[in-house]
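>>> Compute the structure for the input listed below.
(3 chains)
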Amino acid sequence: MTVAPSISAVVAVVSRNDLNAILLLLGVWAALGFAGLARPRSVGYVARLLFPIGAVTCLGIALLAGIFLASGQGAQSLILPIGLPDLPFHLRLDPLSGFFLLLLGLAGAGISTFAAGYFRSGEGTAPGLLGLQYHVFLASMGVVILANDAYLFMVAWETMALSSYFLVTSQHRIPEIRRAGFLYLLMAHLGAVCILFSFGTMSAGNWQLTFDAMRGNTLSPGWATVAFVFALLGFGAKAGLVPMHVWLPEAHPAAPSPVSAMMSGLMLKTAIYAMLRVSFDLLHARSWQWGVVVLVLGLFSALFGAVFAAVQTDMKRLLAYSSIENIGLIFAGIGLALLFEASNLRLFAALALTAALIHALNHSFFKSLLFLATGSVLHATKQRSLGKLGGLIRSMPWVAALALVGTLAIAGLPPLNGFVSEWLLLQSFLFTPQIPHAFINMLIPLGAAALALTVALAAYVMVKFYGVIFLGQPREPLLTHAHDANWLERIGLMWLAAGCVTIGVLPQFALRAAGDVTGMLLGQSIAPVTSLWSIAPIAPQQASYSGLIFLAGIVAVIAVTFVVVRLLAHGRVRRTAAWDCGYPWQTSRMQDTAEGFGQPIRHMFGTFFRMERALPSPTDAEPRYRIQIEDRVWRALYLPVARSLQWLADEVSVVQSGRLAVYLLFSFLTLLALLVFVL
Amino acid sequence: MSALTLVRQLGEVVLAVAIAPLFMGWIAQCRAWLQNRTAPPLTQPYRMLRKLFHKDAALAADASPLFRTAPYVLFGTMVLAAAIIPSVATDLPFARAADAIALIGLFATARVFMALAAMDIGTAFGSLGARREMMIGFLAEPAFLMVLFNAFLLYGSTALPSLVDANATRRFFIDPSVIFAEIAFIMVLLAENARIPIDNPATHLELTMIHEAMVLEYSARHLALIEWAADLKLFNYACIGFALFLPWGIAVHGADGGGALLLASAVLLVKLAFAGAALALIESLSAKLRIFRAPEYLAMAFLLAVLGLLVHLLLGANIHA
Amino acid sequence: MHDADLIAQLLRLLAAGLLLISFAMLSRRRTQRLITLYAWQGAILFLSTCLVAYGEGLRELYYSAALTLILKVILLPWILHRLIHRLGAQWDSEPLVNIPATMLVGLVLVIFAFGLAQPISMLATTITRHTIGIALAVILLSFMMMITRRKAMTQVIGFLAMENGLFFAATSTTYGMPMVIELGIALDMLVAVFILGIFFFQIREQFDSLDLHHLEKLRED
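Okay, here's the model as predicted:
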């Protein structure tokens, strides 16, 4: 067991230390995973016992990270004498990692609780194995966040990629899922190679792989840019930034829903974490062009994701594209922060970075919530296609009510949490005219418009998502018998929904946590929170927002209105058939389908897609309408690369003659060449 | 915060809720005059509301709780917005709860609830209306945001009370970016409130309607609340417009005694009268656009707002120099 | 002092109006509307030249304003109206693809022009120097209109609008060109419109249409 030495090592070093305690809890996750192997086929043991313990562990980690952030103490570091000789593991807990551990713990608790009720026997991988992969995945994310040297970081990063690969392909008997898993693994490795290059560049040739050494290096602007670009490619591939996003809409739907939730809600955030770590902590020579690149990529990803989400007909694919959108928003915030920081506008940089951080936190809540809700729908109906769902609010009231919270939050509506971060991001865009670059300060207002368009499109997408799944008439007769989520699932969903509401109504606490991070990275945080009531990032005269007053105001008005209406008028209700302009023969097929709801978007953003349409002729007795929408990126970028690789491989295969002597000759020649080169 | 500010706040909300239907009635009257019809009485919207409140609500058999609560949420958001927008005075306790950008969010909440409720029964028209409404919404929001961007560049704030305080006391000058922003705002107002170039509030042709298609299944008190909320929405937009572009007369911070408030209310009524007449004129002069021309219309609004921004960045650099 | 301030504000307003008209030209489908817009553009030029002349007390600018009024507001629009009447093209409208996209490209052009003009406007000393960016933008937008249109008539209007932009640029940087040059340009334009008018008849006789894509057949294969 690898767990035992790590636990003893932790105990050996100083006690009373947050970092040690967190490590211990990460060890508990790993132990839980291996404990599942004792009775791998028992759902009752693995799911109902181990997963809840894992959820409690999540809470513990969140609590410790929260205490660490609240105490405001400096970074704690630790060297574990395990791993390769002379290459000990370095770990470090600072506000940045504390914030992301908080995120991991809080959202992870909800997902683990849900997962406890979700996994059934007879679905793909045995529960015990699934539990191992699941908990190793969780623990590796924790280690990624805590790693303080490139070596440990890469080990944890690859463990994360592998364990999530196995989780994605847990139903490996289905060919599409195997294909999706392969694509995911491929992209993960391409990304990892880029990350390696980035770390290599940052170590500046002296092969000191600890982050402390990299912090000490001063790279020339050129090399810093090289390191930054590689990091952007590598972490962008993991985060799903366009054009490295292709794996995301394939892998997310293929995975079981709690895994989709973990990947979208948590794993993408580790990429955000690493991006922040590299660009703000490890690299010093930052230039404003980086900010522009990240901003443009982020905004484009956001718009791209929103537009594609609007035309999807598979509910999990829709959410996957929506993840691309949200990651794009986060990157837009990071880009803006880089841009402000390079122009020495640190306060505004802190504002933009706060927006990005809060959005990362929010996204981990609402996206997990929605993915889990689709899991419940999937279990209840066996349907993923939006065209075969509908009306589930009547048979699944719990899931419908909790999913509504997530829907409103992700659509960026006050008083829920999605709005807070989007509002902060818009606020930071307002200050872009102060950037001292003539073209940039005029072009960026257009970026704000793109942002507003994206946010509004997200609302469109989510109305489609919720309306088609939960509202209207059931499109299939079986849906009326769909069963609601079980109690463990409900608790998981409720936890996440409560998070959405709390961060939305009382964003002050999240802002404080983010303020610690920006204080560490930029030496500046936005205006301290003065009141419990409202937040005012720069100054209350300029802009303020209070989720609490929003919620209280709306609830109060609704209550008063309700009472007044009852007092002055009456509450009589007569149930009749639907009116629908007096048309009596309507069926559930006459509602807008998912395709129909996406039609205006297809019409307006036609250039984004590669569409293939087959329209019925007017004389068809059984008219069929078929439309297929594809990513242009796939054909324009990936297929040519794949083809040329194939071609190259074919060409190289000439040397593969099958004769041993020839192979030996190759080795010999290589040896000779190397000798000549070295001597 | 004194008791006086609370009274002022409450008074403003009550005023808004009370005269919003009147504003709608005034527009209907002006429209009728302009189109040579006999005008309905000014109190027609009130009579309508009274009638609706006393009817029995006919509810589709499988309407969900969402369907029944949506009208209340809609009304609640609009009343809250009325509390936030400084229409009479600027020193309001609620006004700090949201700046103008957050107000856009509040309106979006109302829109999403309306669209969801429209899809709840599962009729063809309901989902059609919901889809169109969301489409108009996502096109109008960027334009609106650009208008606010303009305001921020001009006065350094997006908080409406600060805007009014800064704006009402300044010297008059002609600024092209304000004019661009104004036109853009009026275009957004027409689109967002289901007025004529985009939607016809008086239409009964099912295939062309947006707002009416969404509320087809509603009746009695629910419909009354929705209609009242629609009146309030138009009133709120008008008041946002006044705060941004015509702030003179609003009782600013520090000069808001009883007399000033009365004067401000009177000024508000006069402004509303002119705004209503102007809206009726615009609506009578323009034709309803096909739904697929709506993106062009809103792109135009967006363009105007951005042009205002650019013109300000280039020309307004030395406006006080 | 207050007077000069007011004049500067009015000039800004007129410049913004000019820009707006250029965008309107980009998005209008009907040829007749375009001619009206062109006349409006001329009217704004006339007003702004008068304002500059009044504000700076420059006599000769009044002459060039008068020239603008006669030529660009009255004569050329009249000729163009007659022309399309004779050609029977007054109800012509052309299909425009994706107006919002065209507008966006236009916006980017405007930003480009503003960015380019900033250093120039720092150098100039006239009261109108901030409008150079707008003049440049009007030129670029007219050019873009010529690119996106297919009818011969609209090409000519685009060409004329471009000249308006040049004229505006001249007034805003150096208070106008010398009278001789201005007269020369005016004459050139008049002649150009006549010649192009004759061309229109020829084109229509050849192809039964004023659509320029027919001209593509003329190349050698």
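
>>> What is the burial count for residue 138?
I went with chain A, as the question did not name one. Using other Cβ atoms under 10 Å in any protein chain shown, the number of residues around A:L138 comes to 27. Glycine gets a C-beta too; all of them are placed from N, C-alpha and C.

>>> let's do chain C instead
A count of neighbours around C:V138, defined by other Cβ under 10 Å, yields 29.

>>> from what I can see it touches C:A24, true?
No: in this structure C:V138 lies outside contact range of C:A24 using Cβ atoms under 8 Å: 11.9 Å.

>>> Would you report the backbone torsion angles of the spatially most central residue of chain C?
Nearest to the mean C-alpha position of chain C, by Cα atoms, centre = their mean, lies C:A161 at 1.7 Å. Dihedral angles of C:A161 (phi, psi; degrees, to the nearest 10) stand at phi -70, psi -30.

>>> Setting aside sequence neighbours, what's the nearest residue to A:D281?
Nearest residue to A:D281, sequence neighbours excluded (Cβ to Cβ, 6 or more residues apart in numbering or on different chains): A:L521, at 6.4 Å.

>>> That neighbour touches A:R277, doesn't it?
No: using Cβ under 8 Å, A:L521 is not in contact with A:R277; the gap is 9.1 Å.

>>> Would you check that the residue nearest to the centre of chain C makes contact with C:Y38?
Yes: between C:A161 and C:Y38 there is a contact at 6.1 Å, judged by Cβ under 8 Å.

>>> Let me know whether the helix or strand hosting B:V112 sits next to chain A.
If you go by DSSP states H and E, B:V112 is part of helix B:100-120. Yes: applying Cβ under 8 Å from any Cβ of the partner chain, one finds that helix B:100-120 is in contact with chain A at B:101-102, B:105-106, B:108-109, B:111-112, B:115-116, B:119-120.

>>> Which member of these is positioned nearest B:T208?
Distance to B:T208 across those (Cβ to Cβ) is lowest for B:A115, with 17.9 Å.

>>> how far is the worst-scoring helix or strand of chain B on mean pLDDT from where the chain is centred?
Least confident helix or strand of chain B, by mean pLDDT, DSSP states H and E, is helix B:160-168 with a mean of 81. How far helix B:160-168 lies from its chain's middle: 19 Å, per Cα atoms, centre = their mean, to the nearest Å.

>>> Who are the packing partners of the first helix or strand past it going along the chain?
Note on helix B:160-168: by DSSP H and E, the next helix or strand toward the C-terminus is helix B:176-192. In terms of contacts (3 or more Cβ pairs under 8 Å, 6 or more residues apart in numbering or on different chains; DSSP states H and E), helix B:176-192 is packed against helix B:124-155, helix B:220-245, helix B:258-285, helix B:294-315, helix C:2-27.

>>> Include mean neighbour count, mean pLDDT and distance to C:A117 when you put those into TSV, please.
Output for the helices and strands packed on helix B:176-192, formatted as TSV (neighbours: other Cβ atoms under 10 Å in any protein chain shown; pLDDT from 0 to 100; distance: least, Cβ to Cβ, whole Å):
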stretch	mean neighbour count	mean pLDDT	distance to C:A117
helix B:124-155	26	87	19
helix B:220-245	23	91	28
helix B:258-285	16	88	35
helix B:294-315	25	84	7
helix C:2-27	20	82	12
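
>>> what's the closest of the ones you listed to chain A?
When those are compared by Cβ to the nearest Cβ, helix B:124-155 sits nearest chain A, at 3.5 Å.

>>> does chain C sit close to the closest one?
No: using Cβ under 8 Å from any Cβ, helix B:124-155 stays clear of chain C, coming no nearer than 9.2 Å.

>>> anything in contact with each of C:A161 and C:Y38?
C:M25 (Cβ atoms under 8 Å, 6 or more residues apart in numbering or on different chains).

>>> just the angle between the helix or strand hosting B:F67 and helix B:124-155, please?
Assigned by DSSP H and E, B:F67 falls within helix B:65-84. In terms of direction (axes from the mean of the first three to the mean of the last three Cα atoms, to 10 degrees), helix B:65-84 departs from helix B:124-155 by 20 degrees.

>>> Check whether helix B:65-84 comes near chain A.
Yes: Helix B:65-84 lies within reach of chain A by Cβ under 8 Å from any Cβ, at B:66, B:69, B:72-73, B:75-77, B:79-80, B:83.
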